[in-house]
Each structure stands twice: as structure tokens, then as C-alpha cells.
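Asker: okay, sequence plus prediction incoming.
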Amino acid sequence: MKTAILFVLIIIGYIDPAQAQLKETAQLATLSPAILVVYSSDMETYHKHHYLISNIGYMGSYMVLESKWKAALLTLALGVAKELVYDELLNRGTPLWSDMKWNTLGVTQGVVFTFAVDF
């Protein structure tokens, strides 16, 4: 039985439409954390904003720079600059490392998505 299941999986793996479906499934799976963040009711609103803005910022900078790592570093640098300059120096908010945690999670999800697109 195990041999038959393995044989079927190998055959499906070599079919082009199955490859396209696997690719689309991987891409949608990488977007699911953003959906969970948007619809979760227990998170504070500003955490959602940090996560989604950093995710969108990564995607935009990736389209311009065409480099995953440069786009990730640029987006994280912008997040750090926001915390240090806007929140700390201009006293417009409270600089929190938890905000950077959500920025990093948003960038990470964007990097995973761009790897899934190349899959």
C-alpha cells in the first residue's frame, strides 16, 4: 500500500498541471498569516499596522530592488528608523521592541512569499 501511494505521488509530481497547483498552494499558504493577523480580534490595532505595513513595504521594495535581502534590510531599517527617530527623538510615540518584532514578522512573511513565488 505504501508503495502504491508513493508511486501515485511521484506520478503526480511529474505532471505539469500538478506542479502549478502545488506552486499556487504554496503561495497561498504563505499569505495565510496576513489573513490571520487582519482578522484576529485579540491583537492590538497597532501590531496589525506594523505587521501589514512592513509586509507591504517589503513587497514594494522587492519590486523596485529585485533583491530579497536588500528589500528585507531596507524595510527593517525603515522600521528601526521609525522607532528611533519618530517615536524616540520626535516624541510622537513610544519606541517598543515589540513593534520591531511585528515588523520583522511582516518582513519574514514577505520573504517567504517571494521564495514561494520562485518555487
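Answerer: In hand now; what should we look at?
Asker: residues contacting Glu83?
Answerer: For Glu83, the contact set (C-beta atoms under 8 Å, 6 or more residues apart in numbering) comprises 95-96, 99-100. (C-beta placed from N, C-alpha, C; glycine too.)
Asker: top of those residues by number of neighbours, please.
Answerer: Asp99 (22 neighbours; other C-beta atoms under 10 Å).
Asker: mind listing what that one touches?
Answerer: 46-47, 50, 79, 83.
Asker: now swap in Asp87 and tell me
Answerer: 93-96.
Asker: adding pLDDT and distance to Glu66, write those out as TSV.
Answerer: Formatted as TSV, the contacts of Asp87 follow (pLDDT from 0 to 100; distance: C-beta to C-beta, whole Å):
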residue	pLDDT	distance to Glu66
Gly93	81	33
Thr94	82	36
Pro95	83	32
Leu96	84	32
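Asker: from those, which land in strands?
Answerer: Among the contacts of Asp87, no member is found in strands (DSSP state E).
Asker: per-residue confidence for Leu31?
Answerer: Model confidence at Leu31, given as pLDDT, is 64.
Asker: in ChimeraX, select just the buried ones from the contacts of Asp99.
Answerer: With 16 or more other C-beta atoms under 10 Å as the criterion, this ChimeraX line picks the buried residues out of these:
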select :47,50,79,83
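Asker: in the protein, which spans are helices?
Answerer: Secondary structure of the chain by DSSP state H: the helices cover 2-13, 16-39, 45-65, 68-81, 97-118.
Asker: from what I can see Gly106 touches Tyr58, true?
Answerer: Yes - here Gly106 lies in contact with Tyr58, judged by C-beta atoms under 8 Å, at a distance of 6.9 Å.
Asker: low-scoring stretches of the protein, by residue?
Answerer: Applying pLDDT under 70 to the chain flags the ranges 1-44, 119.
Asker: could you check how far Tyr51 is from Ser67?
Answerer: 22 Å (C-beta to C-beta, to the nearest Å).
Asker: who has more neighbours out of the two?
Answerer: Tyr51 (24 against 13).
Asker: would you mind measuring from that one to Leu90?
Answerer: 23 Å.
Asker: skipping adjacent residues, who's closest to Thr94 in space?
Answerer: Asp87 (6.1 Å; C-beta to C-beta, 6 or more residues apart in numbering).
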